[in-house]
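Colleague: Can you look at this prediction? I've put the sequence above it.
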Amino acid sequence: MAQHPCMNWTTISNELTFRTSRSSGAGGQHVNKTETKVEVLFDIEASGGLTDDEKLAIRSKLANRINDEGILIMSSQKSRSQFSNKEDVIDRLRIQLEKALIPKVKRKRTKPSKEAIEERLTSKKMNAEKKKERKKTNFKETD
């Protein structure tokens, strides 16, 4: 993925804080004695790698991952290796930040073409005919 023009990933990567803990789930004795789960903490407000506009965009788009102190938290426990989980969570954080900084393109309204309008009306007429044919007709019995 291409780097965002304003976001300075080198600075951001130096500002990341990591926390490790034991992973949950299956894994037997290994899970009980090793800290393979990795959490990355990123203080958005204190970051020097983001502009004020970028901070605002990240806060609004990733609000569900940001705690009350304004720290963005992500975690990974996919692998049995702490190193692999650290790489995974860093990659995911970078992708999330880049996605959050992509501006939303406003939709331009367009008129349907004459052909499309005609096609829609033709199909409506055909459906109406189909339904008309399905109706039961009352036959009067003559004695």
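Modeller: Yep, it's here.
Colleague: can you pull out the helices in this protein?
Modeller: Taking DSSP state H, the helices of the chain run over residues 9-15, 29-33, 52-61, 82-100, 114-134.
Colleague: Between the ones you listed, which one is closest to Ala46.
Modeller: helix 9-15 (7.2 Å; Cβ to Cβ). Any C-beta I mention is one placed from the backbone N, CA and C, and that applies to glycine too.
Colleague: Quick check: end-to-end length of stretch 68-83?
Modeller: Taking Cα to Cα, to the nearest Å, the first and last residues of stretch 68-83 lie 28 Å apart.
Colleague: do stretch 75-89 as well
Modeller: Start-to-end, stretch 75-89 (Cα to Cα) is 6 Å.
Colleague: From the chain's centroid, how far away is it?
Modeller: The chain centroid and the centroid of stretch 75-89 are separated by 20 Å, computed with Cα atoms, centre = their mean, to the nearest Å.
Colleague: same question for that stretch, mean pLDDT?
Modeller: Across stretch 75-89, the average pLDDT comes to 91.
Colleague: Check which residues of it are buried.
Modeller: Residues of stretch 75-89 classed as buried by neighbour count (16 or more other Cβ atoms under 10 Å): 75-77, 79, 82, 85-86, 88-89.
Colleague: Check stretch 53-60 too.
Modeller: 54, 57-58.
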